[in-house]
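# Have a look; sequence and predicted model below, questions after that.
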Amino acid sequence: MAVDTPVKNPAGHRGRGPSGATARTRGRRPGSRPWVRIVVALLLVVEVYPLVWMFLTSLKSNDDYLNNSTWSLPTTWEWGNYTEAWTTGNIGLYVQNSALAVVPALALMLLLGTAAGFALQIMVWKGRSLTLLVFLAGMMVPPQMILLPLFTVYFQTGLSGTLWPLILTYTGTGLPLTVFMMATYYRGVPREMFEAATLDGAGILRAFWTISVPMVRNALLTVGLVQFFFIWNDLLIALTFTNGQDLRTVQVGLLNFTGDFGATQYGPLFAAVCINVFGTLLIYLFLNQKVMKGLTSGAVKG
């Protein structure tokens, strides 16, 4: 009986057989194809060029912006636009208000969402599936439907004129998505860890803080960053509940950005936009690897 055995090519032989094709395929890098490089270059231009144009526009004077071409370079480099945006345009105050509203809301959202995800996936109790569906139903409620009732409640409780309406509204609207994402991440956590902790005498609170939270720290960072961008870039809720200039957030402040005598100064306006955009972009670039780890860990089921 004849047996079909593979023939090994000698070292250095450039054959046309499957082994030679495999060697050539393995030696080829994914980015060595010209069309891949062209597509990547086009995507890079599409992403980077608006940022470069915005930065160059922020260095133009008002006359330069109105009288010259939009694509032209600044005739005079007005670096003082950033100082004017921070002082006259009150962008510093708007950034402070956004931070005072976003940071507490994000902390409450992550704390409550992580605890709810732990209870829905790790703990065993009746009705947890129905409770998860209730949280999922909260994701389907449009924010526009709850603004008027919330405004009435905040006004009657005396919370209007403060940042508490923003903090509470951001926490409530972002909590359903946070609970759903954290519950998904908890599905990949091995249950044996909590069983061993229970046998060692650990209570539910200790198992939550000392075991579960460190195991989902990348997920916390990912969810926190996603929610941070959602509520930092919010305009509708902030425009509804901020009734004074001293309470405006960044997005509301940019919407009503004016210079001296109420006229729009385009150089300081674009400078304020650059402060907002590049600040959040640096946060994302700094935490990019952590976010990727959190996304991949959420895709694996235990």
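Now that the structure is in, tell me what you want to look at.

# pLDDT weak spots in the stretch 151-300 of the chain?
Low-confidence segments of the stretch 151-300 of the chain, defined by pLDDT under 70, span residues 258-263, 290-291, 293-300.

# List the buried residues for stretch 128-136?
Using 16 or more other CB atoms under 10 Å as the test for burial, stretch 128-136 gives 132, 135. C-beta coordinates here come from the backbone N, C-alpha and C atoms, glycine included.

# what's it in contact with?
Outside stretch 128-136, the residues that touch it by CB atoms under 8 Å, 6 or more residues apart in numbering are 116, 119, 120, 175, 176, 179, 180, 183.

# helix/strand/coil for residue 70?
Following DSSP: H, G, I helix; E, B strand; the rest coil, residue 70 is assigned to coil.

# Tell me the pLDDT of it.
Each residue has a pLDDT score; the one for residue 70 is 81.

# can you count the residues close to it?
By the other CB atoms under 10 Å criterion, the neighbourhood of residue 70 contains 8 residues.

# go on, residue 108?
Number of residues near residue 108 (other CB under 10 Å) recorded here: 18.

# separation between it and residue 87?
Between residue 108 and residue 87 the distance, using CB to CB, to the nearest Å, works out to 32 Å.

# And for residue 179?
Here the criterion is CB to CB. By it, residue 179 lies 42 Å from residue 87.

# and the two? which has more neighbours close in?
Of the pair residue 179 and residue 87, residue 179 is the one with more neighbours under other CB under 10 Å, namely 27 against 12.

# Might you report the residue contacts of that one?
Listed by CB under 8 Å, 6+ apart, the contact partners of residue 179 are 112, 113, 116, 117, 120, 132, 135.

# SS state for the first one?
Assigned by three-state DSSP, the conformation of residue 112 is helix.

# Residue 240: which of the contacts of stretch 128-136 is nearest?
Proximity to residue 240 was ranked across the contacts of stretch 128-136 by CB to CB; first place goes to residue 175, at 18.8 Å.

# hang on, isn't the closest one packed against residue 113?
Yes - Residue 175 is in contact with residue 113 according to CB atoms under 8 Å; the separation is 5.9 Å.

# one step back: can you redo the contacts of residue 179 as JSON lines with distance to residue 158, pLDDT and secondary structure?
Converted to JSON lines, the contacts of residue 179 look like this (distance: CB to CB, whole Å; pLDDT from 0 to 100; DSSP: H, G, I helix; E, B strand; the rest coil):
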{"residue": "112", "distance to residue 158": "24", "pLDDT": "94", "secondary structure": "helix"}
{"residue": "113", "distance to residue 158": "28", "pLDDT": "93", "secondary structure": "helix"}
{"residue": "116", "distance to residue 158": "29", "pLDDT": "93", "secondary structure": "helix"}
{"residue": "117", "distance to residue 158": "33", "pLDDT": "91", "secondary structure": "helix"}
{"residue": "120", "distance to residue 158": "35", "pLDDT": "90", "secondary structure": "helix"}
{"residue": "132", "distance to residue 158": "35", "pLDDT": "86", "secondary structure": "helix"}
{"residue": "135", "distance to residue 158": "30", "pLDDT": "87", "secondary structure": "helix"}
